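Enquirer: quick one: sequence plus predicted model below, questions after.
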Number of protein chains: 2
Amino acid sequence: MLPNLISQIKSNNATVCVIGLGRVGLPLGVVLANCGLTCYGIDINSERVSQVNRGETPFKENGLDEWLNRARKLGKFHATIETKESISRSDIILVTVGTPTTMQRCMDYSQLHSALERISEVNLYGKAIGIRCTLVPGTVSNVIVPYLEDKSKLKAGKDFALAMCPERILEGCAINELFSLPEIVGGINDVSNAIFAELFRKMNPKKDILYTTPTGAELAKLFTNIYRYLSFALANEFAMWAENYGEDAHEIIKVANYGYPRCNIPKPGFAGGPCLGKDGLLLDNTTFTSMVSTAWKLNEAIPQHVAESIRRRIGLLYGKRIAVLGLAFKAGSDDTRLSPCAKLVEILKGYGAIVPVHDPYIPDTLPIDKALENPDVVVVANNHPEFANLAREIDESGCKLIYDVWGIFDATSFKKAAYMRLGRGT
Amino acid sequence: MLPNLISQIKSNNATVCVIGLGRVGLPLGVVLANCGLTCYGIDINSERVSQVNRGETPFKENGLDEWLNRARKLGKFHATIETKESISRSDIILVTVGTPTTMQRCMDYSQLHSALERISEVNLYGKAIGIRCTLVPGTVSNVIVPYLEDKSKLKAGKDFALAMCPERILEGCAINELFSLPEIVGGINDVSNAIFAELFRKMNPKKDILYTTPTGAELAKLFTNIYRYLSFALANEFAMWAENYGEDAHEIIKVANYGYPRCNIPKPGFAGGPCLGKDGLLLDNTTFTSMVSTAWKLNEAIPQHVAESIRRRIGLLYGKRIAVLGLAFKAGSDDTRLSPCAKLVEILKGYGAIVPVHDPYIPDTLPIDKALENPDVVVVANNHPEFANLAREIDESGCKLIYDVWGIFDATSFKKAAYMRLGRGT
């Protein structure tokens, strides 16, 4: 039975459902639909489902609008809240729900558990289940397999296929990267591997498929993100050192990297967001000395460092107007989950400052001219490309100090206000 | 006066001395001599000086023999213990002495201070001094400039030139990299920058010269090495996690890196040596959370982890014969300074084991057949290329266990003995 799925995928006779119409699931479902497979996009948020069925994308993702509307015209993509029915009709079930962390910095598996419950309500015989969430290593083997076998009274690998297939796209580049990135497939057995390899090759027949164990796939996802997160933490540590010594980290990092084959330090700045800001936690609770917890402490301390640097420069922040430009966790994004910009705003409010916020991608923030009304300080907290042209507007706002988290300006851009930059000593 | 030095260098009328005929100074002096400048190589070790003057290189460095002998034939390179005279005759003084750490993990500046003392005994007027040691940031500006000005009663930058010009070559590739790597020049003023730029361009007219402040140059050197060292620490942390979860870090790292644009995790293994093993210390004593001290703790714990893994596998190590293959700090090297292999040997001896050691590059170790006489365990501690062909010899030595620190073998290479690998859970 299961091997038949491979030829069904080949001949576009397989139906897929994607559970979770978030930043991972929606692009994936839409691209698979464009590649010829009938795809249900399942979400419990009925407003989001209607929005998607009207052809509107619920978040910013380059090119997603067009691909969504093309899939709808082909009649291949349907968003729905009818979870059980859609799962039941599908041959392949892709779980793309979020696995965020709680306020206590534990994993919040509620969405995953609820998805598994729904999945276990249908007859899984002959189906293939792909897990595309970020998980603590071992979750597929030690939790998902026994749970589904127990509920279904079927044998995983024989009666239904199962694989951990982590997502590693860059928000904003999801569509392009779905076509281009290699896929890690951690199937519980060979037939599970073969099914998901076939599925992903629908998107690009030349896609590299990298096989590993389910736990290996869970670890590989975490290794990937932790590697990046640590390099950002190191850049931030270098920023602190440069400030310490009265130097400019941006300049020194440029010098260290230039033409040198063994050095690739990123720029200092805010590091966070829904992936990098939490994935390290999944490997955090081990007994040995942990780089990742150190990286987390360091990156999470940067917004406080920015607030303190401003306070040391201008004194009491109580009652001061500190305009913050940028609220999303990274350039070009409208995603504020675990955003260091949002953390900075809260810290400044905690100091008693008045904090008008502008972000061109986030509708419920202020327009730029309102945010820049009589500020004492302007913090350029995010490196949205739109900000690069704001130097004059900021300078003429009457502010006394500009704090440039990403070093997108330099001191000479400002005639009237003082200029500070993360990583530059004064 | 100082600007004349630039044309003197151009026309090969400048004399250079290199203080310290170590792994940094000797290749540099020899290459500059080959490029047409008369060069004195100064060392306090008279045995080393005679050796070099006989055309013998005191350590392993690819191609150095030939370049040394070519420089000697040209009559351009002379090793000497006559420090004062040679400095006095030189227009350019390059300080390449070691700045190791003490047993208390403080900087040991004795060689640097003694070099500065010798330098200050001659008339520095019109000379240029280049510092090519690894230093705590600020040392050039806050120590070397005031010391030399005080002793010479001259004005740095006006009467003599001074620049921090850090070395960033890879041991073993020193000659090639002297020609190819960009040079960081942190002169105390423009004329200092211009003189050293001219000097380095003798080696390659197209060499990139990256200008910064003296402190910036000190920091850039540390950033370069710390970046690498941290990436090794992260690989080792990943190795611990993979072992925890019963997976193989080598395989997972391969999967995480393959074709992925944002991931470049190195292989796990021993990380140490005279540069990486200590350079982080120079940025260690700051007050904020430090990635580099965490990296150091982690990398330094790996030899202990190897010893413990063996002990857990075979029980008491007291009286056991544990052959260690590899003593140098890295592949292809004969350098044992701060080598994790040497640390492992001491730890195993501390457990009461008998530890025969073989390293093909280190003459006072045992030959391979002696080292492999009736061992209980063989640890392949270094990834010298010579070791790749030893699988059968090791397997037939009668040992019960092979521990492969670098993953240069796999389990199938061994028929008789059990196989363990750093980063692979069992």
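Expert: Looks like it came in fine.
Enquirer: tell me the domain boundaries of chain A?
Expert: Domains of chain A are assigned by automatic domain parsing as A:2-214, A:244-421.
Enquirer: which pLDDT does the model give the closest residue to chain B within the stretch 301-426 of chain A?
Expert: At 6.8 Å from chain B, residue A:301 is the closest residue in the stretch 301-426 of chain A, using CB to the nearest CB. Yep, even glycine has a C-beta here, placed from its N, CA and C like the rest. Predicted confidence (pLDDT) at residue A:301: the value is 91.
Enquirer: buried ones in the helix or strand hosting it, by neighbour count?
Expert: Assigned by DSSP states H and E, residue A:301 falls within helix A:291-314. In terms of neighbour count (16 or more other CB atoms under 10 Å in any protein chain shown), helix A:291-314 has its buried residues at A:291-296, A:298-303, A:305-307, A:309-310.
Enquirer: what residues does the stretch 301-426 of chain A have near chain B?
Expert: residue A:301 (CB under 8 Å from any CB of the partner chain).
Enquirer: can you give me the strands for the stretch 301-426 of chain A?
Expert: Under the criterion DSSP state E, counting those that start in this stretch, the stretch 301-426 of chain A carries strands at the ranges A:322-325, A:357-358, A:377-380, A:401-404, A:418-421.
Enquirer: do the same with the stretch 151-300 of chain A
Expert: Counting by DSSP E, counting those that start in this stretch, the strands of the stretch 151-300 of chain A are A:161-164, A:183-187, A:209-211.
Enquirer: name every strand pairing with the second one and say which way it goes.
Expert: In this case it means strand A:183-187. strand A:161-164 (antiparallel), strand A:209-211 (parallel) (DSSP bridges).
Enquirer: so what touches that strand?
Expert: A:140, A:161-166, A:168, A:193-197, A:200, A:207-218, A:220-221, B:255-256 (CB atoms under 8 Å, 6 or more residues apart in numbering or on different chains).
Enquirer: roughly how far out does it sit from the chain middle?
Expert: 20 Å (CA atoms, centre = their mean, to the nearest Å).
Enquirer: how many neighbours does the closest residue to chain B within the stretch 1-150 of chain A have?
Expert: As assessed by CB to the nearest CB, chain B sits closest to residue A:137 within the stretch 1-150 of chain A, at 4.8 Å. When neighbours are defined as other CB atoms under 10 Å in any protein chain shown, residue A:137 has 27 of them.
Enquirer: for residue A:144, which residues are in contact?
Expert: A:116, A:131, A:162.
Enquirer: export these to a markdown table and tack on neighbour count, pLDDT and distance to residue B:421?
Expert: Converted to a markdown table, the contacts of residue A:144 look like this (neighbours: other CB atoms under 10 Å in any protein chain shown; pLDDT from 0 to 100; distance: CB to CB, whole Å):
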| residue | neighbour count | pLDDT | distance to residue B:421 |
| --- | --- | --- | --- |
| A:116 | 21 | 97 | 35 |
| A:131 | 26 | 98 | 28 |
| A:162 | 27 | 98 | 28 |
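Enquirer: can you put these in CSV and add distance to residue B:86?
Expert: Shown next, in CSV, are the contacts of residue A:144 (distance: CB to CB, whole Å):
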residue, distance to residue B:86
A:116, 77
A:131, 69
A:162, 73
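Enquirer: returning to what we had before: just the strands of the stretch 151-300 of chain A: most buried one?
Expert: Mean neighbour count, computed with mean count of other CB atoms under 10 Å in any protein chain shown, is highest for strand A:161-164 among the strands of the stretch 151-300 of chain A, reaching a mean of 29.
Enquirer: export the strands of the stretch 301-426 of chain A as TSV, with columns for mean pLDDT.
Expert: Shown next, in TSV, are these (pLDDT from 0 to 100):
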stretch	mean pLDDT
strand A:322-325	98
strand A:357-358	98
strand A:377-380	98
strand A:401-404	97
strand A:418-421	96
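Enquirer: enumerate the residues of the stretch 51-200 of chain A near chain B.
Expert: Close to chain B, as judged by CB under 8 Å from any CB, the stretch 51-200 of chain A has residues A:137, A:138, A:168, A:170, A:181, A:182, A:184.
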